[in-house]
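Asker: this is a predicted model, with the sequence first.
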Amino acid sequence: MSVWLAIANPYAYDRAMQRAIKEAQRSHCALHVVFFISRNSMGDMMRQLGETGWLLGSASLRSLQGSMVEGYRSLADDVLNRVKRKASSQVELIIEGVEEKPSLEEYVHRLLSSGAIKVIVAGSKSLNLKKEILPSTVEYYEEERS
């Protein structure tokens, strides 16, 4: 039995983090935290840049995509350290690290099938997520950068 916080928006996740802490406290269980990188969303963004003329050639597209993913991984460490500082005194905290998967929906369903009682997602408008197909045990917070 566990509560999960999936951070897919590295710039605005405070509301989701506070909600996940409260849910873990209420359920008397650990809070697992993961930084999620959607390969599908990253690929969509790169294709849009290519289609609008910002990138020329497949080599520059691959190079930029690799750089962006690497930057996100570095940013993930900062985000997870901040969550650890803010939440570790309030709840049993398990930092799971970075998950790089094609689809957040599939990942969330996998968490639920492995025993998560609640998954709270900190997302953004740019994340290609079909919120309507998520089960009721998933809460999605689309936070704006402050």
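Answerer: That came through, no problem. Model, not experiment: these values are computed from the prediction. Residues are numbered from 1 along each chain as shown.

Asker: CA atoms for contacts and neighbours, from now on please.
Answerer: OK.

Asker: tell me the first helix or strand C-terminal of the longest helix along the chain.
Answerer: Using DSSP state H to define each element, the chain has its longest helix at helix 58-87. Using DSSP states H and E, the helix or strand that follows helix 58-87 in sequence is strand 93-101.

Asker: just the CA trace of that following strand, in CSV.
Answerer: The C-alpha trace of strand 93-101 is given here as CSV (Å, rounded to 0.1, in the frame of the first residue of the first chain):
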residue,chain,number,x,y,z
LEU,A,93,9.5,9.3,1.8
ILE,A,94,10.9,7.0,-0.9
ILE,A,95,12.6,8.7,-3.8
GLU,A,96,12.3,6.5,-6.8
GLY,A,97,14.4,8.6,-9.1
VAL,A,98,13.7,9.2,-12.8
GLU,A,99,11.4,7.2,-15.0
GLU,A,100,11.7,7.7,-18.7
LYS,A,101,8.8,6.0,-20.4
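
Asker: in it, which residues are buried?
Answerer: 93, 95, 98-100 (16 or more other Cα atoms under 10 Å).

Asker: perfect, I'm done here.
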